[in-house]
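Q: Model the following, please.
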Amino acid sequence: MQHPEEKKRGTSRRSFLGQALTAAGTAIAAPTLLHQATPAQEEGTLAQAATSNSGDMTITLTVNGKPQLFTIEPRVTLLDALRERLGLTGSKKGCDHGQCGACTVLVDGQRVYSCLSLAVMQEGKQIVTIEGLAQGNNLHPVQSAFIEQDGFQCGYCTPGQICASVALLDEVKRGCASAVTTDLNHPPQLKTLSAAEIKERLSGNLCRCSAYNGIVAAVQQAAGQTPPSAAAVTMVQAGAGAV
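A: All right, here's what the predicted structure looks like:
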């Protein structure tokens with residue numbers, strides 16, 4: 001029933017709301033009447049919106065000397081890009097928290113935990129994985145040393161251990177010191193690199209099988225040293241245990 005006040009004014013709340021909704025609908029429809037998009041334009045707009053909503057980025061990573069094109073989310077790690085997109089499964093996902101070193105790769109010659117590094121941050125850099133160390137059928141000297149010195153057991157951590165060892169030797173060549181270097185003015189050379197130095201420099205790579213003696217011996221061999229025999233190492237350990 002219409003209110004007496006509304007009769008006097010000659011309008012009602014219902015008619016007012018109807019007029020307002022009609023005007024709003026006309027205003028919304030006006031742009032469409034002025035410019036009607038073609039089906040091709042609509043499809044292009046939808047595709048562009050889908051791309052922008054996904055947030056993917058197109059990047060080129062140089063992996064083992066070859067450029068690789070990726071369309072990838074910014075949050076994808078280098079480890080997942082290598083394993084899932086390129087099938088380079090040598091780099092292992094151990095802890096996925098940068099605590100074990102099984103995912104270690106080389107980026108511009110530096111060892112990097114690939115599980116903590118975003119793939120999009122590596123554009124323009126040289127990435128080398130365990131698959132890229134050998135030259136055809138010729139193994140890298142560190143790879144050969146690991147085999148000859150039994151530097152692994154289950155082998156899960158081995159790719160990271162080898163990549164870290166390659167970087168270690170290069171660091172020593174460049175005169176880099178470590179936490180156990182006694183004389184910073186005279187950092188160790190490859191020929192004089194001690195077992196303590198090797199253990200410290202590889203402390204970020206864990207071996208759950210505890211094949212550390214073989215790993216140290218492998219690095220010594222790759223450094224040009226003559227590593228102690230397994231029997232000598234056993235005798236030293238036994239003596240230390242007796243003390």
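Q: Return the set of buried residues in stretch 123-130.
A: By 16 or more other C-beta atoms under 10 Å, the buried positions in stretch 123-130 come out as Ile127, Val128, Thr129, Ile130. Where you see a C-beta, it was placed from the backbone N, CA and C, and this is true even at glycine.
Q: so where do the strands sit in this structure?
A: For the chain, the strands defined by DSSP state E cover 57-63, 66-72, 104-107, 110-113, 126-128.
Q: Pro188 - nearest residue in space that isn't next to it in sequence?
A: Among residues not flanking Pro188 along the chain, Glu197 sits closest, at 5.5 Å (C-beta to C-beta, 6 or more residues apart in numbering).
Q: Would you confirm that the one you found contacts Gln189?
A: No - if you go by C-beta atoms under 8 Å, Glu197 and Gln189 don't touch, sitting 10.5 Å apart.
Q: who has more neighbours, these two?
A: More crowded of Glu197 and Gln189, by other C-beta atoms under 10 Å: Glu197, with 22 against 12.
Q: which residues of the protein score low on pLDDT?
A: For the chain, the stretches flagged by pLDDT under 70 are 1-11, 13, 16-18, 20-53, 230-243.
Q: let's go with 80 and repeat that
A: Low-confidence segments of the chain (pLDDT under 80): 1-54, 229-243.
Q: residue boundaries of the helices in it?
A: Under the criterion DSSP state H, helices of the chain are mapped to 4-9, 13-34, 39-54, 78-80, 141-148, 158-173, 195-201, 212-222, 230-242.
Q: From Gln99, how far off is the residue nearest to Pro188?
A: Distance of Glu197 to Gln99, given as C-beta to C-beta, to the nearest Å: 22 Å.
Q: Asn164 contacts Tyr113, doesn't it?
A: Not Asn; residue 164 is Ala. No - assessed by C-beta under 8 Å, Ala164 is found out of contact with Tyr113, at 9.9 Å.
Q: Spell out which residues are contacts of both of the two.
A: Gly101, Thr104, Gly204 (C-beta atoms under 8 Å, 6 or more residues apart in numbering).
Q: for the first one, what are its contacts?
A: Each residue near Gly101 by C-beta under 8 Å, 6+ apart is listed here: Gly94, Tyr113, Cys157, Gly160, Gln161, Ala164, Gly204, Asn205, Leu206.
Q: give the contact list for the fifth one.
A: Right, the one you point to is Gln161. Gly101, Thr104, Phe146, Gly151, Phe152, Leu202, Asn205, Cys207, Ile215.
Q: And the fourth one, by the same measure?
A: Under the criterion of C-beta under 8 Å, 6+ apart, the contact list for Gly160 reads Ser91, Lys92, Gly94, Cys100, Gly101, Ala102, Cys103, Thr104, Asn205.
Q: Thr181 versus the residue lying closest to Glu171 once chain neighbours are set aside, what's the distance?
A: Take Glu171 and drop its neighbours on the chain: the residue closest to it by C-beta to C-beta, 6+ apart is Arg201, 7.2 Å away. Distance, Arg201 to Thr181, by C-beta to C-beta: 10 Å.
Q: Compare the two (neighbour count), which wins?
A: Arg201 (25 against 17).
Q: For burial, what's the neighbour tally of Gly224?
A: 12.
Q: Quick check: phi and psi on it?
A: Note on Gly224: its backbone torsions stand at phi 90, psi 10 [degrees, to the nearest 10].
Q: right, and it touches Gln189 too?
A: No - between Gly224 and Gln189 there is no contact under C-beta under 8 Å: 9.7 Å.
Q: How about the contacts made by Phe146?
A: Counting by C-beta under 8 Å, 6+ apart, Phe146 touches Phe152, Thr158, Gln161, Ile162, Ser165, Gly214, Ile215, Ala218.
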